[in-house]
Every structure is written in structure tokens, then in C-alpha cells.
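Undergrad: fold the following.
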Amino acid sequence: MKLATFRHQGTERIGIVHSNDSGLFDLALAAKRGGQDAGAFGSMLDLIDAGDRGLDATRTIFQSRVNEADLTHKVSDVELLAPLPVPRQMRDAMSFPIHILQGPRGGAKMAARAKGDMAELARLEAEPLGELPEVYRQVPIYYITNRFTVGAPGSTVKWPKYSKVMDYELELACITKGRGANISAAKAKDHIFGFTIFNDFSARDAQRIEMAGRLGPAKGKSFDNGNVLGPWIVTPDEIVDPYNLRMQARVNGETRCDSTSSGMLYSFEEIIAHMSQDETIMPGEFIGSGTVGNGCGLEIGVFLKSGDRIELEIEKIGILANTVVSQA
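TA: Presented below is the predicted three-dimensional model:
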């Protein structure tokens, strides 16, 4: 199932996406018509909290009433929101080796360009990528970001006033279900509610400054509507293999990344096992994969301009599109 959150006639609702992503089956409306308890369909968090019984009820009600046309809204007639507008937690990992190696070099090249140091820029461009630092093979590396700055698919993201270098990041993400601690990797699959696309918009100049302090990122990543999720959550039964999905990034229609989700240093199951050591993982948490190799402007040396439209596409999920505009 593809599960979306949307606003219709001023009310936030959740629904099943169907008919080639053109229709939204209104779950609460369908439950009320059938005289059923709609408590699990009040929000995406309510549905996640309802567990497998909630998902079973979702499938049943959809199959029994999908032909009732007035229970479906056209996607074009509603306002799509982030499928999980306020996750209970947001953690973003660093799982793709190419990004881990190219990111710091991209930052150094950005600094050389800012200084007009073309000799240093040429040296960096000629330099081999080197070896992956051992720490990335020792444990999954992640940080916790601001769960209150989630943006919606189709929204216009305002460029923070304190930044002059704006970037996108193409990531696969999972949403957790079921509360638990000390979850083994073998059992972690049972704690994945579904998968979505993440655009981790980044103010690169602010990030470069603050991370020199060996902590963060903070304002490099945290600004209103900068953590964009969507367009919906796809349940694992439809994804089948999340580690072999085509991932693409386009800016104004130009393809800037065409990669796959293969090659993650740690699977989401292994990341959950690591995170949950002596720490309770809640249902409705967000976990980002980290940027896929070549999945951001920092790596390829091309940053965003005001008015750019960014499309992130992941096979079996969909397309997450946003426009970024300067506030200057």
C-alpha cells in the first residue's frame, strides 16, 4: 500500500493512493460510512500506533469500498502533506561510501572556490578519493535532526536568510513501527512500517562553518520545512527489496544523479539494531539512509539557484518534487 497524508476542506486526513497514483481513498470517511471505529485513521501516527491490526483493517476497508467513488479524492484536488508530518524522532545516517568520501572533498572545493584559490581547487579535483575511514565500518553513524521542520511534497522551500549555498540530498528512508529496545537485526524487519523519499535540504555554507567545531550539523540542516518527506509511505510488501531500488535526482529536468540503493554499509535492520541498544525505539520514528553517492550538489560541484525545481525519484515509491526560493 501507498499511504498518504493530505488536507481536504481544511481537515488533515490519511488515505490509500491508488489508480496509478491519481486517487486517494479516504480511510476515515470510509470507516465512518461503514459504522466502524475510525480511531486508527485520524492521522498517520494513529495508524502506525494501531500496528498490524490497523494495517489489516486498512486493507479490508479499502478492498470492500474502493468502488464507492465518493470515497476517493483526486490527488490533484487535495493538498498533499508530508506522509508523517511530525515524526516522533528523526535520525539520519551515513550509509553510502561514495557520499562519505566525496562530501568532505566537496566542502573543501567549495571553500577553495570561495577564496578564488584555483590551484587548490585543481589539486583537490586531481586527488584520489582515498580509503573509507574505519569508523564507518565499526558502527552505523547517524545524527538526530529537527522533527518539527518537516516539509511537504510539492511545497516551496524557503532558502534560509543566513545562507548563500543551498543544496539538496537524495535519500531513501524508513518509518518504524512497534515500540522496542535491544532489537536484533534479525527481528528489526518487523519494526519497519514503510519506506519513503527524503530530501535533506542543506545550507552548505552554514554546515561547513559549524561542523569545523566537530559537532552538528545544526543550522546547516535545521530550518523550517527543510526536511522534506514524501510523497507517501510505501509498505514493505510492495517494496520487496529496498536495497536494489533505482534512485534519481533531477534539477529543472536535468538528471544530476542516477544511482541505486545498493551498497549501503548497514541495512535499515542493522541500523535499528544499533540504535535500539539500551534505547527504546518508538513507533513513528524516521530513519534516513544518508545521501546516495552523487546524490547532492556538494559532490558534483553544482548548487541550487532560487527558483530551481528539484525532483527526487525512487523506484516503487514515486517522485518527491519541490521548488526552492530565496528570501532575499
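Undergrad: can I assume Ala112 is in contact with Leu121?
TA: Yes: here Ala112 reaches Leu121: they are 4.2 Å apart, a contact under CB atoms under 8 Å. To be clear about C-beta, it is placed using only N, CA and C from the backbone, and glycine gets the same treatment.
Undergrad: can I assume Asp258 sits in a strand?
TA: Yes: assessed with DSSP: H, G, I helix; E, B strand; the rest coil, Asp258 lies in a strand.
Undergrad: next, count neighbours for the residue nearest to it when sequence neighbours are not counted.
TA: Closest residue to Asp258 apart from its sequence neighbours, by CB to CB, 6 or more residues apart in numbering: Gln248 at 5.2 Å. Using other CB atoms under 10 Å, Gln248 has 19 other residues around it.
Undergrad: ok, Tyr266 - contacts?
TA: Contacts for Tyr266 were tallied using CB atoms under 8 Å, 6 or more residues apart in numbering; they are Ala93, Ser95, Pro140, His274.
Undergrad: how does it look with 6 Å?
TA: Ser95, Pro140 (CB atoms under 6 Å, 6 or more residues apart in numbering).
Undergrad: chain center to stretch 198-214: distance?
TA: 17 Å (CA atoms, centre = their mean, to the nearest Å).
Undergrad: domain-wise, how is the chain divided?
TA: 2-80, 89-326 (the TED database).
Undergrad: so for stretch 10-21, what gets flagged as buried?
TA: Of the residues in stretch 10-21, Arg13, Ile14, Gly15, Ile16, Val17, His18 count as buried by neighbour count, 16 or more other CB atoms under 10 Å.
Undergrad: quick one: which two of the residues you listed are the most distant?
TA: Spatial extent of these (CB to CB) is set by the pair Arg13 and His18 at 15.1 Å.
Undergrad: before we move on, the earlier item: winner for burial among the domains of the chain?
TA: A comparison of the domains of the chain by mean neighbour count, using mean count of other CB atoms under 10 Å, puts domain 89-326 on top with a mean of 19.
Undergrad: re earlier: with secondary structure added, can I get the buried residues of stretch 10-21 in CSV?
TA: Putting these into CSV (three-state DSSP) gives the following:
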residue, secondary structure
Arg13, strand
Ile14, strand
Gly15, strand
Ile16, strand
Val17, strand
His18, strand
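Undergrad: can you tell me which of those residues is nearest Ala218?
TA: The closest of those, once distances to Ala218 are taken by CB to CB, is Ile14, at 31.7 Å.
Undergrad: the residue nearest in space to the middle of the chain: what's it in contact with?
TA: Closest residue to the average C-alpha location of the chain: Phe198 at 1.9 Å, with CA atoms, centre = their mean. Residues in contact with Phe198 (CB under 6 Å, 6+ apart) are Glu171, Ala173, Leu229, Gly288.
Undergrad: part of a strand, is it?
TA: Yes: under three-state DSSP, Phe198 falls within a strand.
Undergrad: most remote residue from this protein's center?
TA: Centroid-distance maximum for the chain: Ala119 at 37.0 Å, with CA atoms, centre = their mean.
Undergrad: any idea how far that one is from Leu298?
TA: As for Ala119, its distance to Leu298 is 21 Å (criterion: CB to CB, to the nearest Å).
Undergrad: over to Arg204?
TA: With distances taken as CB to CB, Arg204 is found 6 Å from Leu298.
Undergrad: what is in contact with those two at once?
TA: Residues touching both Arg204 and Leu298 (CB under 6 Å, 6+ apart): Asp167.
Undergrad: next one: stretch 289-297 to chain centre, how far?
TA: Counting by CA atoms, centre = their mean, stretch 289-297 is centred 12 Å from the centre of its parent chain.
Undergrad: going forward, count from 9.
TA: In the new numbering, first residue 9, that becomes stretch 297-305.
Undergrad: now the end-to-end length of that stretch.
TA: Stretch 297-305 has an end-to-end distance of 17 Å (criterion: CA to CA, to the nearest Å).
Undergrad: repeat that for stretch 302-312.
TA: 15 Å.
Undergrad: so what touches that stretch?
TA: By CB under 6 Å, 6+ apart, stretch 302-312 touches Gln110, Gly111, Gly114, Val173, Met174, Asp175, Glu177, Leu178, Arg212, Ala257, Cys265, Val332.
Undergrad: just put those in TSV and tack on distance to Tyr251 and pLDDT.
TA: Output for the contacts of stretch 302-312, formatted as TSV (distance: CB to CB, whole Å; pLDDT from 0 to 100):
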residue	distance to Tyr251	pLDDT
Gln110	21	93
Gly111	21	91
Gly114	25	90
Val173	32	94
Met174	30	96
Asp175	25	97
Glu177	19	98
Leu178	16	98
Arg212	28	94
Ala257	19	98
Cys265	17	97
Val332	30	97
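Undergrad: quick one: which of the residues you listed is nearest Ile241?
TA: Once CB to CB is applied, the member of these that ends up nearest Ile241 is Leu178, at 17.4 Å.
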